[in-house]
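> Build the 3D model from these lines:
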Amino acid sequence: MKDNQRSAFKNLKKSLGQDDKLGQLVLDFAIRKTTGSREDLNGVFYSKNGRHVIMASKSLSGKYDVCEGTREIDADAFWGCAYLTEISLPESIESIGHEAFGRCISLKKITIPRSVVRLGSNPFIGNTELEVSSLSPNVTTDGKAVFTNGGKTLVSFISKDAEYTVPEGVETIAEKAFSKNKFIKNIQLPDSLRIIDDEAFFDCDALAAVKIPTGVTNIGVCAFADCEALRSVEMCGIPEVIKRSMLSGCDDIRTISIPSHSTKHFSKLAADYEDRIVERTDNSTAKPADKETAPETAKGKTKHTDKKNAKHSDKEDAESKDKQTTNKKRKSPMYK
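This is a model prediction of the structure:
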């Protein structure tokens, strides 16, 4: 009987679209219940060995104490628990998963235990009134954002502020770090920044302009997609990896400013925004070393030959890096 139930649930889950996140979670909840996980009196499901919180009932309300001995809060475990107001995490917790407390709109305060060493992508997505404090040396906060990796990775933005300056020293804006924040209008990115990960600013409806620092080398899938108010993007440098979908759905964008003589490097964007790409005529923003514009005259090579070889090399490098990025990234659901 249970095998038939599991089969029916899984078939139904496959039939749901990726956009139906709540439906997916409800089905996950049912599947967990039929596969031997144990349920406590509050409707929270744990793994058989009690080390993982798997899923919580969406009717969970008030304060909840996670059981002692729990090591991991799984991805989406408390997602959508709209009536949860307070939660206590034991010192045994080592990992908090992807969007674990997403859309817990009544949750006002959470303390990260000293034992935590890992955070998944934006565990607090959709919460802009949440006060996060941390006892862990691996997780820090400035009251508006949460950081890992010694402050080098911004994992989650949890503020209603319209303006925010990312601290100098941050090298990565992690996957979905600002995603679906409806308040941020102006973001200042630091010179130390190197990576803007997948969906980092996805669906930030109020974001009007962004300036990408020279040092950024990688801009991920849908990094600024569906930012409806976005009108201006300034690329100060030339990223090694840039996804065509980075501005998907930004239909009202007016200008994409790029360094001089760099149009071909932004060919993926030009395919969709050719009439809005503007090359700067000044050299105020330094270009990265560009082998194809530096002919080896000492060896008797012509500029034409050097450009042709460099173009072939650039194409191979880009294809290799795109393939590596695609393989290592987990494709996340794009829900409105």
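
> residue contacts, residue 242?
When contacts are counted by Cβ atoms under 8 Å, 6 or more residues apart in numbering, residue 242 touches 218, 219, 266, 268, 269. The C-beta positions use only the backbone N, C-alpha and C, and glycine is treated the same way.

> Okay, and which of those residues map to strands?
Using DSSP state E, the subset of the contacts of residue 242 located in strands is 218, 219.

> Columns pLDDT on top of the contacts of residue 242, output as CSV?
Shown next, in CSV, are those (pLDDT from 0 to 100):
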residue, pLDDT
218, 97
219, 97
266, 91
268, 83
269, 85
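
> What subset of the contacts of residue 242 is buried?
218, 219, 266, 268, 269 (16 or more other Cβ atoms under 10 Å).

> what about the last one, distance to residue 225?
Distance of residue 269 to residue 225, computed by Cβ to Cβ, to the nearest Å: 13 Å.

> Just checking the distance from stretch 175-185 to the centre of its chain.
From the chain centre to the centre of stretch 175-185 is a distance of 9 Å (Cα atoms, centre = their mean, to the nearest Å).

> Can you give me the buried ones in that stretch?
Result for stretch 175-185 [16+ other Cβ under 10 Å]: buried residues 175, 176, 177, 178, 179, 180, 181, 183, 184.

> Farthest-apart pair in the residues you listed, please.
By the measure Cβ to Cβ, 175 and 183 form the most distant pair in the buried residues of stretch 175-185, at 19.9 Å.

> All the strands of the stretch 101-250 of the chain, residue numbers only.
Listed in chain order, the strands of the stretch 101-250 of the chain (DSSP state E, counting those that start in this stretch) span residues 109-112, 118-119, 131-134, 139-141, 145-148, 153-157, 163-165, 172-173, 186-188, 195-196, 209-212, 218-219, 232-235, 241-242.

> can you list those in a markdown table and add distance to residue 58?
Below are the strands of the stretch 101-250 of the chain laid out as a markdown table (distance: least, Cβ to Cβ, whole Å):
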| stretch | distance to residue 58 |
| --- | --- |
| strand 109-112 | 18 |
| strand 118-119 | 23 |
| strand 131-134 | 22 |
| strand 139-141 | 27 |
| strand 145-148 | 24 |
| strand 153-157 | 21 |
| strand 163-165 | 31 |
| strand 172-173 | 30 |
| strand 186-188 | 32 |
| strand 195-196 | 32 |
| strand 209-212 | 35 |
| strand 218-219 | 35 |
| strand 232-235 | 38 |
| strand 241-242 | 38 |
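
> Which of those sits closest to residue 102?
strand 153-157 (9.9 Å).

> Name every strand pairing with the closest one and say which way it goes.
Strand 153-157 has its sheet partners listed here by DSSP bridges as strand 145-148 (antiparallel), strand 172-173 (parallel).

> so can I have CSV of these showing mean pLDDT?
Shown next, in CSV, are the strands paired with strand 153-157 (pLDDT from 0 to 100):
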stretch, mean pLDDT
strand 145-148, 98
strand 172-173, 98
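
> Dump those strands into TSV; add mean neighbour count and distance to residue 281 as well.
Below are those laid out as TSV (neighbours: other Cβ atoms under 10 Å; distance: least, Cβ to Cβ, whole Å):
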stretch	mean neighbour count	distance to residue 281
strand 145-148	23	36
strand 172-173	24	30
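
> nearest to residue 162, of those strands?
Closest among the strands paired with strand 153-157, once you apply Cβ to Cβ, is strand 145-148, at 14.5 Å.
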